[in-house]
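Participant: take a look and give me a structure for this.
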Amino acid sequence: MSKRFSIVLLLLVSYAAQAGQAPAPRSHLDFTVAQLQAEMAAGRLTSEALTREYLDRILALDQDGPGVNAVMELNPDALAWARHADALRRQGKVLGPLHGIPVLLKGNIDTGDRMQTTAGSFGLKGAPALRDSTVAARLRAGGAVILGKTNLSEWANFRSFFASSGWSGVGGQTNNPYGINRNPCGSSSGSGAAATANFAAVSFGTETDGSIVCPANANGVVGIKPTVGLTSRAGVVPISHTQDTVGPHARTVADAAIALSVIQSRTADGRDPATGDVPLGWRGRARPDNLPADYTQFLDPHGLQGARLGVTRQGIDGAPAQVIAAFEETLDAMRNAGATLIDLDAAGFTFPSADGEFLVLCFDFRDDLRNYFATRTRVPLAGGTITDAIAFDNAHADTEMPFFAQEIFDLTAAMAPGPDAPQPDFGNMTYNQAIEADRLSGVNGIDKALADFSLDAVIAPTDNPAWPTDLLYGDHFVFGSSGLAAPAGYPIVQVPASMVFGIPMGISFFGTAFSEPTLIKLASGFEAVTHVRADNPPTFAQTIPSDHIDGTTLRKPRGSSHKRGSERLRPHHL
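Facilitator: Numbers count the residues shown, from 1 in each chain. Got it, this is the predicted structure:
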């Protein structure tokens, strides 16, 4: 056991003692999916026992103890599902690589069971969804145990310009397991925090632009943002059918690759047309007919050997010196592992701005949200529209809007309806013009960089390290790179890369559509030579940094010994 892990375990015991409860279970702390499967195959562990461990750990550390607040709801049927998985295993039936493995789903992913799907809003709370999302159905078919739902930034961070990532009306504020005062980033904040805190083996989030990779960066885990259409969005509370995707958070690239293998749609899902098509950046091209069934075949500890990677810094030069130094050390690690790095910024390559992205998201949101509301019953917004959501928030402002308002909702509701109608709030750009601008951002961005410089992938710092949560001013982004891929619908694999004052910082690998095999190979090669998450588990510190901040120790002044009428003490002249 490493010294770092020993410190973490002592902290967990201390938290449990302060709360007057048993210590958080740690028998399988940081076990990978493969290790857990080996334990179950050997008869040393059951899914039921593992599920109980995770449940006890959540109860000890999430709501109590340090208070991560990543899990919004626990599945009342989790233990029953675990016992079912154990019964199948005893019969010699193992349904897939996640058989018997507890997983968590973001609170905007439908489950047709007794759990709620709220997207963090009381407007969707009341009755569960009528059926499983396609992702949830695939997990169940593969034998996974759905342990619960994670908190998120309400409406996937698409309500206000001043929102705090990780806050929702239903779930409150999620905190970062590395430092409870730090933000977990969003909108899949609970998914990222839960994965690093060992609340499940794997968790699942959604991304439109940054909502998987930013929590992965902030919470020090691997995040795979798949190509749009590789995973189904059916039964997921939407922002945009153009950009939304579902993907995993995990503590290792291998676990994330397993999870992606289980939830992907290799053939068309009739509930989501994107699963039979290509993302925006590939419009006019054919979808591959040979998508791999198992992404773990691409794991390679030597994956960086001989790789050509294009580096773009994406605004990191405006960050503190320690952050820049950490990124440069990350690049050195890649070079030492055999990669050739090409400085795209120095070469004069410019990634085009996706000037149409926000217009596309708002326009899609209005219609996609109405379509989703039509699938729900017995909740306040069932069968409603964005206008109804605005009215609900106004009527329940004390719970829905105590910290920030709904400027994005208002902007969306005011848009002209037609795809060729000029939008005054967006410089009179039309939706179709915005779509074309976003398509070209992929064609003339990642695709052009890969071709012009003969690259295997583009790399960039994911985001700045996590900031202290600020419910007054909202989030504090200094730089970020997810926008390189999001408008065109391209994939990203985010891997922990370094620590800055004990706060994680990650690196993102970018490629063209359906290039997940290459990105997983590169990411696993980087992970193999750096071990950042393995060597730096979360400590659940209340404040981070926690050293050199105590200051002096004040003592109460004693009364003057001078008698009345004695000469007054004169101040020194400075």
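Participant: what segments of the stretch 201-350 of the chain are helices?
Facilitator: Ranges of helices within the stretch 201-350 of the chain are 213-219, 253-263, 321-336, based on DSSP state H, counting those that start in this stretch.
Participant: other SSEs contacting the second one?
Facilitator: Okay, so that is helix 253-263. Counting contacts by 3 or more CB pairs under 8 Å, 6 or more residues apart in numbering; DSSP states H and E, helix 253-263 is packed against helix 33-41, helix 134-141, strand 202-207, strand 222-225, strand 245-250, strand 492-500, helix 516-530. (C-beta placed from N, C-alpha, C; glycine too.)
Participant: how about the shortest one?
Facilitator: Packing contacts for helix 213-219, counted by 3+ CB pairs under 8 Å, 6+ apart, involve helix 189-196, strand 222-225, strand 245-250, strand 492-500, strand 503-510.
Participant: and these, which is most packed in?
Facilitator: Neighbour counts (mean count of other CB atoms under 10 Å) averaged over each of those peak at helix 189-196, with a mean of 35.
Participant: show me how far that one is from its chain's centre.
Facilitator: Its chain's C-alpha centre and that of helix 189-196 lie 7 Å apart, by CA atoms, centre = their mean, to the nearest Å.
Participant: pull the CA atoms of that helix into PDB?
Facilitator: Taking Å, rounded to 0.1, in the frame of the first residue of the first chain, the C-alpha atoms of helix 189-196 are listed here in PDB:
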ATOM      1  CA  SER A 189     -20.400  16.800 -12.100                       C
ATOM      2  CA  GLY A 190     -21.800  14.100 -10.000                       C
ATOM      3  CA  SER A 191     -20.700  11.400 -12.400                       C
ATOM      4  CA  GLY A 192     -17.100  12.600 -12.300                       C
ATOM      5  CA  ALA A 193     -17.000  13.100  -8.600                       C
ATOM      6  CA  ALA A 194     -18.600   9.700  -7.900                       C
ATOM      7  CA  ALA A 195     -16.100   7.900 -10.100                       C
ATOM      8  CA  THR A 196     -13.100   9.300  -8.400                       C
END
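Participant: okay, angle between it and helix 253-263 too, please.
Facilitator: Angle of helix 189-196 versus helix 253-263, following axes from the mean of the first three to the mean of the last three CA atoms, to 10 degrees, is 130 degrees.
Participant: for helix 189-196, what is the average pLDDT?
Facilitator: The pLDDT scores in helix 189-196 average 98.
Participant: same check, this time on stretch 354-371
Facilitator: Across stretch 354-371, the average pLDDT comes to 97.
Participant: what's the neighbour count on residue 288?
Facilitator: Using other CB atoms under 10 Å, residue 288 is surrounded by 13 other residues.
Participant: okay, it and residue 499: tell me how far apart.
Facilitator: Look at residue 288 and residue 499: by CB to CB, to the nearest Å, they are 38 Å apart.
Participant: over to residue 294?
Facilitator: From residue 294 across to residue 499, the span is 32 Å (CB to CB).
Participant: am I right that residue 324 is in contact with residue 330?
Facilitator: No: when contacts are counted by CB atoms under 8 Å, residue 324 is not listed as touching residue 330 (10.7 Å).
Participant: looking at those two, which is more packed in?
Facilitator: Using other CB under 10 Å, the more surrounded residue of residue 324 and residue 330 is residue 330, with 20 against 16.
Participant: contacting residues for that one?
Facilitator: Neighbour list for residue 330: 461, 497, 498, 507, 530 [criterion: CB atoms under 8 Å, 6 or more residues apart in numbering].
Participant: nearest to residue 336, of those?
Facilitator: Using CB to CB, residue 530 comes nearest to residue 336 of those, at 10.1 Å.
Participant: run through the residues that contact the closest one.
Facilitator: Neighbour list for residue 530: 330, 333, 496, 497 [criterion: CB under 8 Å, 6+ apart].
Participant: quick revisit: would a markdown table of the helices and strands packed on helix 253-263 with mean pLDDT and distance to residue 348 be doable?
Facilitator: What follows is these, written out as a markdown table (pLDDT from 0 to 100; distance: least, CB to CB, whole Å):
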| stretch | mean pLDDT | distance to residue 348 |
| --- | --- | --- |
| helix 33-41 | 98 | 43 |
| helix 134-141 | 98 | 41 |
| strand 202-207 | 98 | 30 |
| strand 222-225 | 98 | 28 |
| strand 245-250 | 98 | 31 |
| strand 492-500 | 98 | 24 |
| helix 516-530 | 98 | 24 |
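Participant: closest one to residue 427 among the ones you listed?
Facilitator: strand 202-207 (26.4 Å).
Participant: mind listing the strands that closest one pairs with, and their directions?
Facilitator: Counting by DSSP bridges, the strands paired with strand 202-207 are strand 102-106 (parallel), strand 245-250 (antiparallel).
Participant: just put those strands in a markdown table and tack on distance to residue 352.
Facilitator: Shown next, in a markdown table, are the strands paired with strand 202-207 (distance: least, CB to CB, whole Å):
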| stretch | distance to residue 352 |
| --- | --- |
| strand 102-106 | 31 |
| strand 245-250 | 21 |
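Participant: residue 409 is nearest to which of those strands?
Facilitator: Taking these one by one with CB to CB, strand 102-106 is closest: 20.2 Å.
Participant: buried residues, the closest one. List them.
Facilitator: Neighbour counts using 16 or more other CB atoms under 10 Å place 102, 103, 104, 105, 106 of strand 102-106 among the buried residues.
Participant: tell me what angle it forms with helix 134-141.
Facilitator: Relative orientation of strand 102-106 versus helix 134-141 (the same axes, to 10 degrees): 170 degrees.
Participant: what sits against residue 209?
Facilitator: Contacts of residue 209 by CB under 8 Å, 6+ apart are 243, 357, 361, 482, 483, 486, 487.
Participant: first-to-last residue distance for stretch 298-313?
Facilitator: Chord length of stretch 298-313, first to last residue, is 27 Å (CA to CA, to the nearest Å).
Participant: from the chain's centre, how far out does it sit?
Facilitator: The chain centroid and the centroid of stretch 298-313 are separated by 23 Å under CA atoms, centre = their mean.
Participant: what is the rounded mean pLDDT of that stretch?
Facilitator: pLDDT averaged over stretch 298-313 gives 98.
Participant: so which bits of that stretch are buried?
Facilitator: Buried residues in stretch 298-313, counted by 16+ other CB under 10 Å: 298, 299, 300, 303, 304, 307, 309, 310, 311, 312, 313.
Participant: what helices and strands are in contact with whatever helix or strand residue 390 lives in?
Facilitator: Using DSSP states H and E, residue 390 sits in helix 386-395. Judged by 3+ CB pairs under 8 Å, 6+ apart, helix 386-395 is in contact with helix 357-373, helix 407-413.
Participant: list the buried residues for the first one?
Facilitator: With burial defined by 16+ other CB under 10 Å, the residues of helix 357-373 counted as buried are 357-366, 368-370, 372-373.
Participant: ok, residue 420 - contacts?
Facilitator: Applying CB under 8 Å, 6+ apart to residue 420 gives the contacts 430, 431, 432.
Participant: same list (the buried residues of strand 102-106) but as CSV, adding pLDDT.
Facilitator: Converted to CSV, those look like this (pLDDT from 0 to 100):
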residue, pLDDT
102, 98
103, 98
104, 99
105, 99
106, 99
